[in-house]
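In: This is the structure alone, sequence omitted:
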């Protein structure tokens, strides 16, 4: 099996004993060994544990047992998804030595399905960022151009999948953190509807926005992973009590009388021209495939980042109050005469990086006395308006189409100004604000300085309509070959 | 909304957030947060009169479990990840009458 193999083909090959799980896991670790010094996708890997699990899966498969729908498939986890083995650091100094005492529901469901967790991937600290530069243990590089960022915050997961270190990974998405790195690395990334996947064991950032989702190299693989991790969980009361459909059932059939909405605000002239060209080509393709293209007006698109940067930091400042140096995580050394306040303030100052501090400050400010109504309450009101705008749009069409990111991958260090980084999520954040679902799929390349940089197409559907989202995404994928391209320079590294 | 933050305001927020920041950090956050707040001021362009705030995308409220005793995480396991313990307890600096702040 070559390392371009999809998850679904690996499942079949493993079942028919064309490859062993041990061999597959070894291949992944060889690839990581070969490339990760340059890319820095992984914070830690679990070779011994993974090989033992692979041996046990091979034994079960040899015996003709059914060890699950992902039996023997190597998967990477973003380092904010808690596991009872290894560390879960959130790429933060404050959790550098944290050994989770339990395993998250999503990771446990993968393991129960026979998947083999090979390691934890680097991310922006506490998932706050769009470039994976804000990682306490060093930035991740984009496999298409090592001088550029992979996007973020799930940059390690996206780059690992793009670089063929593993066929799939989990990330988390609070404002675009799965879709944007998927777009910049040329892979598929899914932000499920809010409540589709349990957040139990996902280290909390913005609790009303966060979702775990899959990254993979094709739509069907992503759909397969989502079906396995999704579904009700009594340990997360915000996890919806809804049955999860078999997304592969009918995934190759376009929805009947398909209407695709194109919000004019998504094709802003501020986008990189190559990005808009890719979206226009996609629109033409859908038209050729028989879809009706509907003009949509989403004037609140431009208010998404302002809304998001009140709500997400407000929730983050509350959630991150738990890092107090008392129960777990880093505790600062106190000098004589220093008290409990100093313990909190020093531990947090030493443990959090600059972006996390910035967002805690912003969140604390907007929630502080005298500002609550002006910022937080108003943002929640605009949030409702954004939700209503999407509801109205989905009365007119089945899916919304546009770019995932206004630009392809940018150079490391190019967005030192925080606001410019925040604006990377202009097309993704509203998905989380409204709780709907979205997917980014490879849709073209921009050629910059002789290098090809992937461009992602975002498809958004109404809450809990991932089935339609996958079918619409699959129509495009089945008619194009962008998703089969691999980063060129890796062959010679 | 949207006027530039004063250094005292930034210092006050850092205190509320339990973050000991250097003067350099305070200055930096003052200018960066002011810029972000200026962007956020965009929200004032919208008429939100009478709009019900939406704290959450989910309609679910208070899902209740059966009132039965379940399994708990072993105390030893939780103590094992604490930065400082004394016997079966987490060790902390004296609490009462001590916290004064900077």
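Out: Arrived safely. Values in this document were obtained by computation on a predicted structure and should not be read as measured data.
In: Centroid-nearest residue for chain B?
Out: residue B:17 (6.2 Å; CA atoms, centre = their mean).
In: and residue A:393, that's in a helix?
Out: Yes. If the criterion is DSSP: H, G, I helix; E, B strand; the rest coil, then residue A:393 is within a helix.
In: residue contacts, it?
Out: The neighbours of residue A:393, taking CB atoms under 8 Å, 6 or more residues apart in numbering or on different chains as the test, are A:261, A:263, A:296, A:298, A:400. (Glycine included, C-beta is placed from N, CA and C.)
In: if we go to 6 Å?
Out: A:261, A:296 (CB atoms under 6 Å, 6 or more residues apart in numbering or on different chains).
In: hey, where'd the helices end up in chain B?
Out: Assigned by DSSP state H, the helices in chain B fall at B:7-16, B:23-40, B:75-79.
In: Would you mind giving those as a markdown table with mean neighbour count and distance to chain A added?
Out: Output for these, formatted as a markdown table (neighbours: other CB atoms under 10 Å in any protein chain shown; distance: least, CB to the nearest CB, whole Å):
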| stretch | mean neighbour count | distance to chain A |
| --- | --- | --- |
| helix B:7-16 | 17 | 5 |
| helix B:23-40 | 17 | 5 |
| helix B:75-79 | 12 | 5 |
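In: Within range of chain B, give me the residues from the stretch 201-350 of chain A.
Out: Proximity of the stretch 201-350 of chain A to chain B, by CB under 6 Å from any CB of the partner chain, involves residues A:208, A:237-238, A:306, A:309-310, A:326-328, A:331, A:339-341, A:343-346, A:348-349.
In: Buried only: go through these for me.
Out: Buried members of these, scored by 16 or more other CB atoms under 10 Å in any protein chain shown, are A:208, A:237-238, A:306, A:309-310, A:326, A:328, A:331, A:339-341, A:343-346, A:348-349.
In: Run through the chain and note the low-pLDDT ranges.
Out: No chain was given, so I picked chain A. Within chain A, the segments meeting pLDDT under 70 span A:1, A:489-493.
In: looking at chain B here, not the other one
Out: B:1-3, B:97-102.
In: ok, 80 please
Out: Where chain B drops to pLDDT under 80, the residues are B:1-3, B:59-63, B:96-102.
In: Return the nearest residue of it with respect to chain A.
Out: Here the residue of chain B nearest chain A is residue B:57; by CB to the nearest CB that distance is 2.5 Å.
In: For that residue, give me its contacts.
Out: A:194, A:435.
In: make it 10 Å
Out: A:193-195, A:208-209, A:238, A:383, A:387, A:432-436, A:463 (CB atoms under 10 Å, 6 or more residues apart in numbering or on different chains).
In: Could you check how far the nearest residue to the residue nearest to the centre of chain B once chain neighbours are set aside is from residue A:210?
Out: Leaving aside its sequence neighbours, residue B:17 sits nearest to residue A:364 (CB to CB, 6 or more residues apart in numbering or on different chains; 4.2 Å). Distance from residue A:364 to residue A:210, counting by CB to CB, to the nearest Å: 19 Å.
In: Next: residue A:322.
Out: Taking CB to CB, one finds residue A:322 at 15 Å from residue A:210.
In: What about whichever residue of chain A sits closest to chain B, how many residues nearby?
Out: Using CB to the nearest CB, residue A:435 is the residue of chain A that sits closest to chain B, at 2.5 Å. Neighbour count of residue A:435, defined by other CB atoms under 10 Å in any protein chain shown: 24.
In: swap in residue A:66?
Out: Residue A:66: 10 neighbours (other CB under 10 Å).
In: these two touch, right, it and residue A:60?
Out: Yes. Distance between residue A:66 and residue A:60: 8.0 Å, which falls inside the contact criterion (CB atoms under 10 Å).
In: element containing residue A:472?
Out: Per DSSP states H and E: residue A:472 is located in helix A:466-478.
In: That helix near chain B anywhere?
Out: No. Helix A:466-478 lies apart from chain B when judged by CB under 10 Å from any CB of the partner chain; the minimum separation is 14.8 Å.
In: what packs against that helix?
Out: For helix A:466-478, the packing partners by 3 or more CB pairs under 10 Å, 6 or more residues apart in numbering or on different chains; DSSP states H and E come out as strand A:188-191, helix A:219-229, helix A:273-288, strand A:399-403, strand A:437-448, strand A:451-461.
In: residues in contact with the residue sitting nearest the centre point of chain A?
Out: Chain A has residue A:178 as the residue nearest its centroid, 1.9 Å off, counting by CA atoms, centre = their mean. Residues in contact with residue A:178 (CB under 10 Å, 6+ apart) are A:78, A:127, A:151, A:153-154, A:157-158, A:169-172, A:187-192, A:211-215, A:222, A:404, A:428, A:438-440.
In: Can you tell me how far it is from residue A:6?
Out: 18 Å.
In: thinking again about what came up before, neighbour count winner among residue A:322 and residue A:210?
Out: residue A:210 (26 against 12).
In: What residues does the stretch 51-200 of chain A have near chain B?
Out: Counting by CB under 10 Å from any CB, the stretch 51-200 of chain A sits next to chain B at A:84, A:97, A:98, A:99, A:100, A:101, A:102, A:193, A:194, A:195.
In: farthest pair in those?
Out: A:97 and A:193 (34.9 Å; CB to CB).
In: Which one's more surrounded, the two?
Out: Just comparing residue A:97 and residue A:193: by other CB under 10 Å the higher neighbour count belongs to residue A:193, 26 against 13.
In: So the more buried one is in contact with residue A:242, correct?
Out: Yes. Between residue A:193 and residue A:242 there is a contact at 9.2 Å, judged by CB under 10 Å.
In: what do those two both touch?
Out: The contact lists of residue A:193 and residue A:242 share A:230, A:463, A:464, where a contact means CB under 10 Å, 6+ apart.
In: Would you mind measuring from the closest residue to the last one other than its chain neighbours to residue A:218?
Out: Yep, that's residue A:464 we're talking about. Distances taken as CB to CB, 6+ apart place residue A:193 nearest to residue A:464, at 4.9 Å, with adjacent residues excluded. Separation of residue A:193 from residue A:218 (CB to CB) stands at 21 Å.
In: Also residue A:384?
Out: Taken as CB to CB, the span from residue A:384 to residue A:218 is 36 Å.
In: Those two: which is more packed in?
Out: Neighbour count, other CB under 10 Å: between residue A:384 and residue A:218, residue A:218 has more, with 24 against 17.
In: Could you check the helices and strands packed on helix A:466-478 and tell me which one is nearest residue A:335?
Out: strand A:188-191 (45.3 Å).
In: who does the closest one touch, helix- and strand-wise?
Out: Checking 3+ CB pairs under 10 Å, 6+ apart, strand A:188-191 ends up next to helix A:155-162, strand A:168-173, helix A:179-185, strand A:211-216, helix A:219-229, strand A:437-448, strand A:451-461, helix A:466-478.
In: Sounds good, over and out.
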